[in-house]
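Visitor: Here you go, sequence then predicted model.
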Amino acid sequence: MSVAEPRRIVLFRHAKADWPQVPDHERPLAERGRTDAAVAGRKLADTGIAFDLALCSTATRTRETWKLAVHELAHRPKTVYEERIYEASPGELIAVLNELPEEARHVILIGHNPGVHGLAEILAASAEDDVRERMNRRGFPAAAFALLTFDGPWKSLEPATARLTDYWAPAD
C-alpha cells in the first residue's frame, strides 16, 4: 500500500429490523433483513476492499447485520462494538472516527439512520459520476452502504473532507 493511498470509509446501515415487543436496542433483524444483509456482504466483497477495522453499534440489529455480511468477505477485519454509534448524530460519528488508530486505512462503520445517511452527506465534498444523485434519490434504506475516500489522518476527518465514490442499496 502506498503512503498516498486514500483512506476508505464504508458507512453501512443495518438491514431491515423486526418490531417485536422489546426495547429498541434489542430489535432483531426481520427475515428480509437477514437476506439483505448477506446480499450487502456480497456487494461489499465486490468492492475488493480489505477492511482493517469494523466499528459496529451494539444494537442487536447492527450486530446481526454485520455477522451475516462479514461472512461474505474474503478477509474478516477486527470488529469493535461501539456503544456510541447507537443513536449517534453525524457529529458524534465523526468524533468516533477521529479516534481511530492511524494504521487503520480501510474502515467500515455499521450503524443507524438518520446518523449514517447524514454522515455520508456531510463528509462528501464531492462525488463520482451520479453516486450522490443515486443516494439522494434512494435515501439510505436498510442495508444500504456508501463508500467514501479521504486523505490525511483520522483526526483531520471533518465535514466536506471526503469524496463519495460508491453507493449501493438492496433494490439497486
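Guide: Perfect, I can see it now.

Visitor: Surely Glu5 touches Arg105?
Guide: Yes. Using Cβ atoms under 8 Å, Glu5 is in contact with Arg105, at 6.9 Å. Where C-beta positions appear, they are placed from N, C-alpha and C, glycine not excepted.

Visitor: More neighbours: these two, which one.
Guide: Arg105 (17 against 11; other Cβ atoms under 10 Å).

Visitor: Quick check: the gap between the more buried one and Val80.
Guide: Arg105 is 16 Å from Val80, where distance means Cβ to Cβ, to the nearest Å.

Visitor: Could you list which residues are in contact with the closest residue to Thr161 other than its chain neighbours?
Guide: Nearest non-adjacent residue to Thr161, counting by Cβ to Cβ, 6 or more residues apart in numbering: Phe150, 5.3 Å away. By Cβ atoms under 8 Å, 6 or more residues apart in numbering, the contact set of Phe150 is 6-7, 9, 123, 157, 161-163.

Visitor: at 6 Å what do you get?
Guide: 7, 161-162 (Cβ atoms under 6 Å, 6 or more residues apart in numbering).

Visitor: next one: Ala146
Guide: Ala146 neighbours (Cβ under 6 Å, 6+ apart): 11, 120, 167.

Visitor: Those, buried ones only, as a PyMOL selection?
Guide: Of those, the buried ones can be selected in PyMOL as follows, counting by 16 or more other Cβ atoms under 10 Å:
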select buried, resi 11+120+167
